[in-house]
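A.B. asks: structure of the sequence below:
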Amino acid sequence: MAADPHAAMLQAALALQQQGHLKEARRKYESIIARDPRHFNALQLCGVVAIQQEAYRDAVKLIRRALALRSNDAPVLTNLGVAHHKLGQIAEALDCFDKAITVKPDFASAHHNRANLLREAKRHAEARKSYDQALALQPDNALIHANYASLLYDLHEYQAALQALDKALALRPDYHPAYFRKGEILLELNRPENARTAFENALALRPDDTQAQNLLAQALGALGRRKEADIALRRAITLMTGTDNKAEIIQAICAAVNTANLLPAVYQTEAEICERRAELLADLHQAHAMLIEAAPHSATASAAFKAIAYGTAGFYIAYQ
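C.D. replies: This next block holds a predicted model:
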């Protein structure tokens, strides 16, 4: 077999991709493809970069070109399935995963991605079977255990979900999503002290996780540690009003409302309560301004305005 004249550039592109320099990596892959439109590895790896960049339509085109050259490659079929899944093309994604499994029945990634797809489609029995197959092939894969826990959570099998998460964390103690999901489940089970520990572990790994900060406040509130809950909610609000994500801005508004409802139990004097209300009202105004900029005509922006209007009268409003 003749040596690949593009081998050095391909290796350089792969190194850039592994380092997270996706634009530079894609540029090199595209340079190879421009010189050799039938370069299988450049096409399929460029498709993977496109998935990482969330350019899923580009990924489908690139990976299909690779598969036209080599149709029975299980990893490449699986990557095509992932791209279709991200585009919401469920039937196409499932077909890709099934083809990958037919080509290579022991390819755990295809079973795992198939399970994730089926779980999202609420085809729970099929998803469970695919997770079991993936775990039989890769019992030491923390991500599979964690995603299986999500299925068990959806099915309200909370104890089994906790066991799956503990397995994931034993394999990968720095896996932030497992701590977060564990905290959620423990809150559901009315175990706020354990939930607090899980959320603190999640925040130690990712201090800017607004949802974990918000739920930590809930756990602290359930424990009667209201002043600590107020501090946690302040941090959540600070984080969420510093984002351009509309959903997180809305969460910030809700967090401010929830905080205000704690105030009489946290602060002893009316002066302290009034001072804290004023701070929260300022947070609400900031969040509302950001939300108006992001979605000026949305119902949530209107709801935010109502929250501000109610702010001086108790900060209570329900959000859909």
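A.B. asks: so what's residue 228 closest to, chain neighbours aside?
C.D. replies: residue 220 (4.7 Å; CB to CB, 6 or more residues apart in numbering). The way it works is simple: take the backbone N, C-alpha and C, and place the C-beta from them, glycine included.
A.B. asks: hmm, I typed the wrong one, I wanted residue 158.
C.D. replies: Closest to residue 158 by CB to CB, 6+ apart is residue 185, at 5.1 Å.
A.B. asks: gap between that neighbour and residue 170?
C.D. replies: 17 Å (CB to CB, to the nearest Å).
A.B. asks: out of the two, which sits in the busier spot?
C.D. replies: Using other CB atoms under 10 Å as the criterion, residue 185 and residue 170 rank with residue 185 on top: 23 against 12.
A.B. asks: for the more buried one, what are phi and psi?
C.D. replies: phi -60, psi -40 (degrees, to the nearest 10).
A.B. asks: I'd say it and residue 163 touch.
C.D. replies: No: using CB atoms under 8 Å, residue 185 is not in contact with residue 163, being 10.7 Å away.
A.B. asks: quick one on the thing from earlier: for the residue nearest to residue 158, give me its contacts.
C.D. replies: By CB atoms under 8 Å, 6 or more residues apart in numbering, residue 185 lies in contact with 153, 158, 161, 162, 165.
A.B. asks: residues contacting the last one?
C.D. replies: Applying CB under 8 Å, 6+ apart, one finds that residue 165 lies in contact with 145, 146, 149, 178, 181, 182, 185.
A.B. asks: for residue 180, which non-adjacent residue is spatially closest?
C.D. replies: residue 202 (4.6 Å).
A.B. asks: separation between the one you found and residue 186?
C.D. replies: Distance from residue 202 to residue 186, by CB to CB: 12 Å.
A.B. asks: in stretch 197-217, which residues are buried?
C.D. replies: Along stretch 197-217, these residues count as buried under the neighbour rule (16 or more other CB atoms under 10 Å): 197-199, 201-203, 209-217.
A.B. asks: now it: mean pLDDT?
C.D. replies: The average pLDDT within stretch 197-217 is 91.
A.B. asks: buried sites along stretch 48-65?
C.D. replies: So for stretch 48-65, counting by 16+ other CB under 10 Å, buried means 48, 49, 50, 51, 55, 56, 58, 59, 60, 62, 63, 65.
A.B. asks: next up, the contacts around the second one.
C.D. replies: To tie it back to what came earlier, the one meant is residue 49. So residue 49 contacts 17, 22, 25, 26, 29 (CB under 8 Å, 6+ apart).
A.B. asks: end-to-end on stretch 112-131?
C.D. replies: 6 Å (CA to CA, to the nearest Å).
A.B. asks: how about that stretch: buried residues?
C.D. replies: Under 16+ other CB under 10 Å, the buried positions of stretch 112-131 are 112-119, 123, 127-128, 130-131.
A.B. asks: shaky segments in this protein?
C.D. replies: 1-2, 237-320 (pLDDT under 70).
A.B. asks: find the centremost residue of it, please.
C.D. replies: Nearest residue to the geometric centre of the chain (CA atoms, centre = their mean): residue 177, 7.9 Å.
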